[in-house]
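Enquirer: Build me a model from this:
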Amino acid sequence: MSLLAPLGALGRATLLLLAMVGRVALFAFSALSHILRPPFYGREFGAALMNVGWLSLPVVGLTAIFTGGALALQIYSGGARFSAEAVVPQIVAIGIVRELGPVLVGLMIAARVTSSIAAEIATMKVTEQIDALVTLSTDPMKYLVAPRVLAALIVVPLLVAVGDVIGIFGGYAVATGTLGFNAAAYLKNTVDFLEPLDIISSLVKGCAFGGLAALMGCYFGMTSGRGAQGVGRATKGSVEAAAILILAANFLLTGAFFSL
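Expert: Okay, here's the model as predicted:
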């Protein structure tokens with residue numbers, strides 16, 4: 001019996017995981033279906049656009065510019081070992097646009113927006129505001145979830161585009177300011193090396209990461225437990241789930257776009 005206990009625990013954990021995956025998938029399908037059907041709550045959508053997009057710009061910009069600068073320094077230092085310092089513009093561009101830009105923006109959105117959404121909706125559930133919406137014949141999925149998910153799907157790709165540009169500028173500033181690169185040559189190498197597929201993949205990743213971040217915030221908020229502990233667990237779980245799903249989706253999308 002003692003030998004079978006670990007297998008039983010593993011089986012129970014696996015079943016719980018699969019059940020949660022199923023619940024999240026059904027929740028995501030319901031959220032996306034509500035986006036496509038009226039009524040539309042323009043005020044909630046506008047507030048979500050402001051929260052997800054405009055208010056996230058400072059943290060996205062600072063993250064991107066420091067990452068681009070650090071990446072330029074690392075590539076220059078590593079390339080110097082092989083007399084390949086000249087590849088800094090190309091590698092910074094492809095590293096930021098293909099990988100670091102979308103992932104870092106997605107993780108920043110998970111840290112800032114997902115936690116905010118989860119805490120807000122969980123608090124509304126604890127204080128019975130969601131029950132009040134149902135009493136007023138307002139669908140919580142339509143009023144709370146759909147506007148936030150739609151806003152994230154629209155705005156996060158734009159944030160990724162801004163982050164890519166700022167990240168490349170960070171590398172440009174460090175390379176031309178401290179590493180001795182010619183400004184015009186650096187920009188030309190960057191533009192010539194990037195391909196349309198690189199930019200498309202970056203924007204598609206941004207859309208996927210934004211949707212995942214918003215969905216996790218809404219899901220954990222709507223399914224949170226009662227009390228302050230329930231709100232805390234929902235907030236923590238939403239960020240953890242969003243970060244893991246973003247990294248997993250990044251691996252899958254990278255493989256899909258740039259498969260050998």
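Enquirer: Show me which positions of the host helix or strand of residue 176 end up buried.
Expert: Residue 176 belongs to helix 146-177 when assigned by DSSP states H and E. Neighbour counts over helix 146-177 (16 or more other Cβ atoms under 10 Å) mark 146-172, 174-176 as buried. Quick note: C-beta positions are derived from backbone N, CA and C, even for glycine.
Enquirer: Would you mark the buried spots in the helix or strand that it is followed by?
Expert: Per DSSP H and E, the first helix or strand lying C-terminal to helix 146-177 is helix 183-193. With burial defined by 16+ other Cβ under 10 Å, the residues of helix 183-193 counted as buried are 186, 189, 190, 193.
Enquirer: and what of stretch 233-250?
Expert: 233-235, 237-239, 241-243, 245-246, 249-250.
Enquirer: any chance of the residues you listed in a markdown table, plus pLDDT?
Expert: Output for the buried residues of stretch 233-250, formatted as a markdown table (pLDDT from 0 to 100):
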| residue | pLDDT |
| --- | --- |
| 233 | 90 |
| 234 | 90 |
| 235 | 91 |
| 237 | 91 |
| 238 | 92 |
| 239 | 93 |
| 241 | 93 |
| 242 | 94 |
| 243 | 94 |
| 245 | 94 |
| 246 | 95 |
| 249 | 94 |
| 250 | 94 |
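Enquirer: ok, back up a step: and which of the buried residues of helix 183-193 is nearest to residue 128?
Expert: Nearest to residue 128 among the buried residues of helix 183-193: residue 190, at 54.0 Å, using Cβ to Cβ.
Enquirer: mind checking how far the closest one is from residue 101?
Expert: According to Cβ to Cβ, to the nearest Å, residue 190 and residue 101 sit 13 Å apart.
Enquirer: Helix or strand: which one has residue 247?
Expert: Assigned by DSSP H and E, residue 247 falls in helix 227-257.
Enquirer: residues contacting residue 250?
Expert: 99, 102, 103, 106, 205, 209 (Cβ atoms under 8 Å, 6 or more residues apart in numbering).
Enquirer: Could you find the closest non-adjacent residue to the fifth one?
Expert: Meaning residue 205. Of all residues not flanking residue 205 in the chain, residue 102 sits nearest, at 3.8 Å (Cβ to Cβ, 6 or more residues apart in numbering).
Enquirer: didn't residue 189 look like it was pressed against residue 94?
Expert: No: in this structure residue 189 lies outside contact range of residue 94 using Cβ atoms under 8 Å: 11.1 Å.
Enquirer: what's next to stretch 195-206, contact-wise?
Expert: 94, 97-98, 101-103, 105-106, 156-161, 164, 249-250, 253-254, 257-258.
Enquirer: For that stretch, C-alpha coordinates in PDB please.
Expert: In PDB, the C-alpha atoms belonging to stretch 195-206 read as follows (Å, rounded to 0.1, in the frame of the first residue of the first chain):
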ATOM      1  CA  GLU A 195      12.600  40.900 -41.700                       C
ATOM      2  CA  PRO A 196       8.800  41.300 -41.800                       C
ATOM      3  CA  LEU A 197       8.300  37.900 -40.200                       C
ATOM      4  CA  ASP A 198      10.300  39.100 -37.100                       C
ATOM      5  CA  ILE A 199       7.900  42.000 -36.600                       C
ATOM      6  CA  ILE A 200       4.800  39.900 -37.300                       C
ATOM      7  CA  SER A 201       5.900  37.300 -34.800                       C
ATOM      8  CA  SER A 202       6.500  40.000 -32.200                       C
ATOM      9  CA  LEU A 203       3.000  41.400 -32.600                       C
ATOM     10  CA  VAL A 204       1.300  38.000 -32.600                       C
ATOM     11  CA  LYS A 205       3.100  37.100 -29.400                       C
ATOM     12  CA  GLY A 206       2.000  40.400 -27.900                       C
END
